[in-house]
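Engineer: no sequence for this one, just the structure:
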């Protein structure tokens, strides 16, 4: 009897242990799937994320604003300004990249770990030129981001106004401002990967929509192509191309 009861207890214990093992194994699989999905859409910080960020932030604005800029400048001036600012922006990006690498190399010799830290431009100025230039760079960055964010909100409101004019542009600006303010809950710049995916998806949709619509509808009859009619329009178009191809080199 004693041996039989012990045998039954062993079987029950074995069954419980097997059940727990299967349960733990299934939990492990679920965590693995969740971690993979989370890693795909949430955890960034790689070279691919740098590409996604540049593409989603820069390509969309260039795509939507170039036709209007070319209409203000004229085709010849638009192409020339695009090439000139593109080369100038590429050279600027090259110089900035060299300075970033130099700063990171120097800090690497001091055993500084950058795995959980995104290097800012004012930090590079501090490491290479001193605190005075760091403060100048920090003030410039804050001012640039302040006015840049206002410009972006106004641009978004203007674009959506052409799609839905039931609300005025100021109201659309308030709505976009409230939506963009929720991004403060994102823990780190590394977690912006999902926004990059969404940005690329919407940019691709817009590009194909414009392409297909132009092929289906063609050019309006009687349209006349002309160059800039006012000096202010010419300056506005040139400034816009400078912003898209020149200023965005900092992001690259």
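Structural biologist: Perfect, I can see it now. As the structure is a prediction and not an experimental result, all values here were calculated from the model.

Engineer: centre of the chain versus stretch 166-185, how much separation?
Structural biologist: 18 Å (Cα atoms, centre = their mean, to the nearest Å).

Engineer: Tell me which residues are up against that stretch.
Structural biologist: Stretch 166-185 has contacts (Cβ atoms under 8 Å, 6 or more residues apart in numbering) with 149, 153-154, 156-158, 160-161, 195. (Glycine included, C-beta is placed from N, CA and C.)

Engineer: Go again with 7 Å.
Structural biologist: Outside stretch 166-185, the residues that touch it by Cβ atoms under 7 Å, 6 or more residues apart in numbering are 153-154, 156-158, 160-161.

Engineer: Residue 241 is in contact with residue 82, isn't it?
Structural biologist: Yes: when contacts are counted by Cβ atoms under 7 Å, residue 241 is listed as touching residue 82 (5.8 Å).

Engineer: returning to that earlier point: any quick ChimeraX command for the buried ones out of the contacts of stretch 166-185?
Structural biologist: In ChimeraX, this line selects whichever of those come out buried by 16 or more other Cβ atoms under 10 Å:
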select :153,156,157,160,161
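
Engineer: Now render the contacts of stretch 166-185 as TSV, adding pLDDT.
Structural biologist: Formatted as TSV, these follow (pLDDT from 0 to 100):
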residue	pLDDT
153	83
154	82
156	78
157	84
158	80
160	83
161	85
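
Engineer: Please identify which of the contacts of stretch 166-185 is nearest to residue 209.
Structural biologist: For those, the minimum distance to residue 209 (Cβ to Cβ) is 15.1 Å, reached by residue 160.

Engineer: quick one: which helix or strand includes the closest one?
Structural biologist: Using DSSP states H and E, the element containing residue 160 is helix 131-163.

Engineer: Could you list every helix and strand in contact with that helix?
Structural biologist: Helix 131-163 sits against helix 121-129, helix 169-181, with contacts defined as 3 or more Cβ pairs under 7 Å, 6 or more residues apart in numbering; DSSP states H and E.

Engineer: who does the first one touch, helix- and strand-wise?
Structural biologist: If contacts are counted by 3+ Cβ pairs under 7 Å, 6+ apart, helix 121-129 sits against helix 75-109, helix 131-163.

Engineer: Which pLDDT value goes with residue 89?
Structural biologist: Residue 89 carries a pLDDT value of 80.

Engineer: same question, residue 133
Structural biologist: Looking at residue 133, its pLDDT stands at 91.

Engineer: Would you enumerate the residues in contact with the closest residue to it other than its chain neighbours?
Structural biologist: Leaving aside its chain neighbours, residue 133 sits nearest to residue 125 (4.3 Å; criterion: Cβ to Cβ, 6 or more residues apart in numbering). Neighbour list for residue 125: 133-134, 137 [criterion: Cβ under 7 Å, 6+ apart].
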